[in-house]
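Undergrad: Need a 3D model of the following:
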Amino acid sequence: MECPTYNDDEYQKLVTRMSTPRVLIDNTGCSNATRLMIDSARKQGILLEAIQVLTDLNLSIKKAYICSDGRWFMDVFHVTDLNGNKLTDDSAALGYIEKALEKVHYGKPKTEEGPTVLELTGTDRVGLLSEVFAVLSDLNCNVVNSKVWTHNGRIASLIYLNDNKSDAPIKDIRKLEKIEAMLRNVLKGDNDIRSAKTSIAEVSTHTERRLHQMMFADRDYDRKPIIDIFGESPVVLVQNYLEKDYSVVNIHCKDRNKLLFDVVCTLTDMQYLIFHATVDTSADQASLEFFIRHMDGTPLSSEAEKERVILCLRAAIERRASQGVRLELCAADRKGLLADVMRTFRENGLNVTRAEIATLENKSRNIFYVTDSIGNRADPKIIQSVREKIGLNTLRVKELPILYQEKVERDESKGGAMLLSFGSMMRRNLYNLGLIKSNS
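TA: I've put the predicted structure just below:
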């Protein structure tokens, strides 16, 4: 009997079919969320890429079961929109989600050249961003987009720039060196000579993942907070499950959007492999459990390493925590707009703890979280005064969205025990996610 022969094209089609993630969207099995099921050949980083797709689409992950043992991985996510509503069957987002998730195996496609990307890290202080954007305005740089995070007295920012005259990326080496040098002097101030850093990014990385990497490299996790503005700190426990050669990470904290992305991003960039994980949210609380190993397949080896993981995960959760009053700016874009807004904040003693800056079709749409100069909630009278100076219709106070209150059974919401039984963990979460039936 002769064996069938295959040409190269047929073989490549077979490999492509096996490698492409399969996505199933179930909008009927769960009453209050849309269920997404993904299975694919295992590939380093594919879990983070899948979660990144969901969070970039502003989907909130309410439950999840993750399994990537062996050479295959399967993920199940229960998602809603940011208002806590399941996705509608006629939503165009369903088709887009399916296509986007099917492409994660191949990584991000090459795109046309974008703006020049500037990276900044240093010591945070009141008025720092005012000085940064004033320098960029004086150097005829147009800020297209930017994100700013602060944590434990440190600041990290990615700023996307175009030349103000040509509206094109900045290619002049001398101008780039001048921008770096002047901003480095601003970041140094009077007491940050060693740790202030500015650089032009040479490799394109997801913005929020890069911010995590920058703050991790700056060791913000190893610094003491200037003031306790986070309230109840995340509870993070790490212990070894020697029977299966796993280290188990348990996290309990306040639920918020992109929480799972922040945790998985940190574990991935710390070079840990995630083999199993579960996520469960109840009201405004979230419980996450991860079974991890080193890249060589071994569990965490020392108490010092466990403590480092705990500190890094706490920092990753806290960096994006909403601090202060949320202000939204919507105005026609013009030269010096950001510098003027930031100067007004500084002159009124407001400190920007987090910022998202975007320009689209000559409109500047920005979000700022502000506190007073020492990290306390800003005085409403000062906020009103700032709004009057910038424009009441231009700068608005936006209340933080109330997290969707999911109804769960009382015994689930009170379950504080950290399960270490591998079999019971799998059965419990497969049942909760609707993948198996109860034996009772």
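Undergrad: make it CA atoms for all contacts and neighbour counts henceforth
TA: Fine.
Undergrad: For the closest residue to residue 377 other than its chain neighbours, give the beta-bridge partners.
TA: Closest residue to residue 377 apart from its sequence neighbours, by C-alpha to C-alpha, 6 or more residues apart in numbering: residue 371 at 5.0 Å. Using DSSP bridges, the bridge partners assigned to residue 371 are residue 351.
Undergrad: Show the pLDDT at residue 371.
TA: Per-residue confidence (pLDDT) for residue 371: 92.
Undergrad: do you know how far it is from residue 296?
TA: Remark: distance between residue 371 and residue 296 (C-alpha to C-alpha, to the nearest Å) = 45 Å.
Undergrad: Equivalent analysis for residue 70, please.
TA: Distance, residue 70 to residue 296, using C-alpha to C-alpha: 14 Å.
Undergrad: Repeat that for residue 386.
TA: For residue 386, the distance to residue 296 equals 55 Å [C-alpha to C-alpha].
Undergrad: Name the residues of stretch 244-260 that are buried.
TA: 246-260 (16 or more other C-alpha atoms under 10 Å).
Undergrad: From those residues, which land in strands?
TA: 246-254 (DSSP state E).
Undergrad: Dump the residues you listed to a markdown table, plus pLDDT and distance to residue 329.
TA: A markdown table is the format used below for those (pLDDT from 0 to 100; distance: C-alpha to C-alpha, whole Å):
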| residue | pLDDT | distance to residue 329 |
| --- | --- | --- |
| 246 | 93 | 47 |
| 247 | 95 | 45 |
| 248 | 96 | 43 |
| 249 | 97 | 39 |
| 250 | 98 | 38 |
| 251 | 97 | 35 |
| 252 | 97 | 34 |
| 253 | 95 | 30 |
| 254 | 93 | 27 |
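Undergrad: Mind pulling the model confidence for the closest residue to residue 369 other than its chain neighbours?
TA: Residue nearest to residue 369 in three dimensions, not counting chain neighbours: residue 326, with 4.5 Å by C-alpha to C-alpha, 6+ apart. The score at residue 326 is 94. That number is its pLDDT.
Undergrad: Could you do the one 5 residues further on as well?
TA: Among the per-residue scores, residue 331 shows a pLDDT of 93.
Undergrad: isn't it right up against residue 361?
TA: No. Counting by C-alpha atoms under 8 Å, residue 331 sits too far from residue 361 to count as a contact (11.2 Å).
Undergrad: coming back round to it: can you redo the ones in strands among the buried residues of stretch 244-260 as CSV with distance to residue 351?
TA: What follows is those, written out as CSV (distance: C-alpha to C-alpha, whole Å):
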residue, distance to residue 351
246, 43
247, 40
248, 38
249, 34
250, 33
251, 30
252, 29
253, 26
254, 24
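Undergrad: picking up where we left off before, so which of residue 371 and residue 296 has more stuff around it?
TA: residue 371 (21 against 9; other C-alpha atoms under 10 Å).
Undergrad: The more buried one reaches residue 348, doesn't it?
TA: No. Applying C-alpha under 8 Å, one finds residue 371 not in contact with residue 348, separated by 10.9 Å.
Undergrad: For the protein, give me the ranges with low pLDDT.
TA: Along the chain, the parts satisfying pLDDT under 70 run over 1-20, 89-93, 102-112, 190, 192-194, 226-231, 322, 399-440.
Undergrad: Kindly recompute the last result at 80.
TA: When residues are selected by pLDDT under 80, those of the chain lie in 1-21, 40-44, 69-73, 88-113, 189-195, 202-203, 224-232, 242, 322-323, 399-440.
Undergrad: So which residues of the stretch 1-150 of the chain form strands?
TA: Taking DSSP state E, counting those that start in this stretch as the criterion, the stretch 1-150 of the chain carries its strands at 22-26, 34-41, 60-67, 72-80, 116-123, 141-151.
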